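Student: fold the following for me, if possible:
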Amino acid sequence: VGIVAHSLLFRRIIQLYWPRDPEVQKLIRAKLRNGAPDTAKDPLEDKIMNCGVLILTWRFDPEAETMSKSTAELVDADFLFD
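Tutor: Numbers count the residues shown, from 1 in each chain. Model prediction:
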């Protein structure tokens, strides 16, 4: 599924489906920084400034009937273009 939207909508989607695992959180933060140092603003609170394409990967509970914060979470993020 592809979505074209304002960066603030993407930030909210990321916040809603933020992973529970601290190691996955660290990985996604690093990827959302796209090369910026760890001292840069937390990408979970910042708007996405990159003009590239953001690819988000979710894990869904296969037993769930609907997608919600409790049945889905982000597991990876990448920018298609640097």
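Student: which residue is nearest the centroid of the chain?
Tutor: Nearest to the geometric centre of the chain sits I14, at 4.3 Å (C-alpha atoms, centre = their mean).
Student: what about that residue, is that helix, strand or coil?
Tutor: helix (DSSP: H, G, I helix; E, B strand; the rest coil).
Student: repeat for the one 5 residues further on
Tutor: Secondary structure assignment for P19 (three-state DSSP): coil.
Student: run through the bridge partners of the nearest residue to it once chain neighbours are set aside.
Tutor: Counting by C-beta to C-beta, 6 or more residues apart in numbering, P19 lies nearest to E73, which is 4.7 Å off, once chain neighbours are set aside. The C-beta positions use only the backbone N, C-alpha and C, and glycine is treated the same way. In this entry, E73 is beta-bridged to R59, by DSSP bridges.
Student: residues contacting E73?
Tutor: Shown in contact with E73 (C-beta atoms under 8 Å, 6 or more residues apart in numbering): 17-20, 58-59.
Student: again, 7 Å this time
Tutor: 17, 19-20, 58-59 (C-beta atoms under 7 Å, 6 or more residues apart in numbering).
Student: identify the single longest helix in this structure, thanks.
Tutor: helix 22-33 (DSSP state H).
Student: so F81: helix, strand or coil?
Tutor: coil.
Student: these two touch, right, it and V53?
Tutor: Yes: assessed by C-beta atoms under 7 Å, F81 is found in contact with V53 at 6.3 Å.
Student: returning to that earlier point: could I get the contacts of E73 as CSV with pLDDT?
Tutor: Shown next, in CSV, are these (pLDDT from 0 to 100):
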residue, pLDDT
Y17, 91
P19, 93
R20, 91
W58, 87
R59, 89
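Student: which of these count as buried?
Tutor: Buried residues within the contacts of E73, defined by neighbour count using 16 or more other C-beta atoms under 10 Å: 17, 19.
Student: identify the farthest-apart pair in the contacts of E73.
Tutor: Using C-beta to C-beta, the contacts of E73 span at most 13.1 Å, a distance reached by R20 and W58.
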